[in-house]
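>>> With the sequence up front, the predicted model follows.
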Amino acid sequence: MTQARFAVSVYASRLDRAAALVADAGLDAVIVTPGPDLQYLIGSRASTFERLTALVLPASGAPFVVAPRMELAALRASALGELDVEVRDWVDGDDPYALALRSLGVVRRFGLSEATPALHSIPLASTADAAPELATPVLRRLRMVKDEAEIDALREAGAAIDRVHARVGEWLRTGRTEREVAADIAAAIVEEGHAEADFVIVGSGPNGADPHHEVSDRVIGAGETVVVDIGGPTDLGYNSDSTRTYATGEVSAGIRDAYAALERAQQAAVDTVRPGVTAESVDAAARRVLRDAGLADRFIHRTGHGIGLSVHEEPYIVAGNATVLEPGMAFSIEPGVYFPGEWGARIEDIVVVTDDGAEPLNRRPHSLTQV
Ligand code: ZN
Ligand code: ZN
């Protein structure tokens, strides 16, 4: 089955840049097993299992792929089928770890993609006689700054999830359970252009105060806030993730005031985004508004996370992250306020850093939408 992917030149350029970064990092090689990093580099959505499939990026020399012969057809359906990359296949009884490492000579330092299971990392380490390091510092530099094709894919994902939020009023009603509403939303996520619904959070009333709440059989009441945080991958594998907070009828003045501060906090963070500022300063901007509104201790998580082939990836918008923003970085801005036992609210948009600011990929109104 052919999978949706970009033109082969996109992957060829990524492989070239990755190879340069391996040498820069002082590693002898980076080994990438199935997961988002492999999808990024060769467009393959192979999943990992007991037989080793790996892309090997040596510091010098051409990259190559090690794969079980029985998986070759599936791998060739990815961009690998068109890339000028050698494939070294193996059959049961061969030693795939030696096949991955033997042409590299003496390996003193090598990196492994973070999705590599112990099942493969331990035999690779003993074959190389060297402890592996996380290849994350190498690969994140590539994946953190999106190219035009990726930004288009994220725009498409953002528009698709916006269409779902636009329809939430069709299903979110007093008297229904969170689970019933979530099932309708999950179906719409697919209808509106995703390959699947990855997550559907419907947190009504006090459940909205728990950022990790998914759904329950709680019946939604009148005059409540309902946090709806939804997303999934499109056919290209790029994810959407957007939160809006709805209200079933009139809510209290206290809720309205706190929500107004949350809207200002979210906007302040978006307004801070531009090349040259740090990730942590974006977090601080949201936090400052909530602190001034007396809500500092109601905002109990980071302001955002990078997004792309993974729903959560670098850069994290969090205190202590001095990563300097560059055009092409994509991340969520999602402050929330949480009142345990009572209610909660969150507003979440994905933004892309442009040459002089931020392009929001989600465009639904931020106000507390009455349903
Ligand atoms: Zn979310
Ligand atoms: Zn998010």
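Received the coordinates, thanks. Numbers count the residues shown, from 1 in each chain. Ligands and ions are numbered 1, 2, ... in the order given.
>>> residue ranges with poor pLDDT in the stretch 51-200 of the chain?
Low-confidence segments of the stretch 51-200 of the chain, defined by pLDDT under 70: none present.
>>> Helices of that one, start to end?
Taking DSSP state H, counting those that start in this stretch as the test, the helices found in the stretch 51-200 of the chain are 72-76, 96-101, 118-128, 136-144, 148-166, 178-191.
>>> Contact residues of the chain facing ligand 2?
The chain comes close to ligand 2 at residues 241, 332, as judged by Cβ under 5 Å from the ion. Just so you know, the C-beta spots here come from the backbone N, C-alpha and C atoms, and that holds for glycine as well.
>>> Please report phi then psi for the residue nearest to the spatial centre of the chain.
Nearest residue to the geometric centre of the chain (Cα atoms, centre = their mean): residue 311, 2.1 Å. For residue 311, the backbone dihedrals (degrees, to the nearest 10) come out as phi -70, psi -40.
>>> Next, the contact list for the residue in the stretch 1-150 of the chain that ligand 1 sits nearest to, please.
Here the stretch 1-150 of the chain gets closest to ligand 1 at one residue, residue 36, 17.7 Å apart by Cβ to the ion. Residue 36 makes contacts with 115, 143, 308-310, 313, as judged by Cβ atoms under 8 Å, 6 or more residues apart in numbering.
>>> same check, this time on residue 189
Residues counted as contacts of residue 189 (Cβ under 8 Å, 6+ apart) are 160-161, 164, 196-197, 200, 230-232.
>>> go again using 10 Å as the cut-off
Contacts of residue 189 were listed using Cβ atoms under 10 Å, 6 or more residues apart in numbering, and they are 160-161, 163-164, 195-200, 230-232, 240.
>>> Leaving out sequence neighbours, find the closest residue to it.
Ranked by Cβ to Cβ, 6 or more residues apart in numbering and with sequence neighbours excluded, the top spatial neighbour of residue 189 is residue 197, at 4.0 Å.
>>> Which two among the contacts of residue 189 are spaced furthest apart?
Spatially, the most separated pair among the contacts of residue 189 is 163 and 199, at 17.2 Å (Cβ to Cβ).
>>> hang on, the earlier thing: between the helices of the stretch 51-200 of the chain, which one is closest to residue 333.
Scanning the helices of the stretch 51-200 of the chain with Cβ to Cβ as the criterion, the closest one proves to be helix 148-166, at 12.7 Å.
>>> Tell me which residues of that closest one come out buried.
Using 16 or more other Cβ atoms under 10 Å as the burial criterion, the residues of helix 148-166 that qualify are 150-151, 153-162, 164-166.
>>> Stretch 237-257 too?
Within stretch 237-257, the residues that count as buried by 16+ other Cβ under 10 Å are 237-248, 251, 255.
>>> quick one on the thing from earlier: and the gap between the residue nearest to the centre of the chain and ligand 1?
With distances defined as Cβ to the ion, to the nearest Å, the gap from residue 311 to ligand 1 amounts to 8 Å.
>>> What are the boundaries of the strands in the stretch 151-300 of the chain?
Across the stretch 151-300 of the chain, reading from the start of the chain, the strands by DSSP state E, counting those that start in this stretch fall at 199-204, 225-231, 242-247.
>>> how far off helix 148-166 does the second one point, in degrees?
To tie it back to what came earlier, the one meant is strand 225-231. Using axes from the mean of the first three to the mean of the last three Cα atoms, to 10 degrees, the direction of strand 225-231 lies 150 degrees away from that of helix 148-166.
>>> Around ligand 1, which positions in the chain sit nearby?
Taking Cβ under 5 Å from the ion as the measure of proximity, the chain contacts ligand 1 at 229, 241, 243, 348.
>>> hang on, the earlier thing: go through the contacts of residue 189 and say which is closest to residue 69.
Taking those together and measuring to residue 69 by Cβ to Cβ, the closest member is residue 195, at 28.6 Å.
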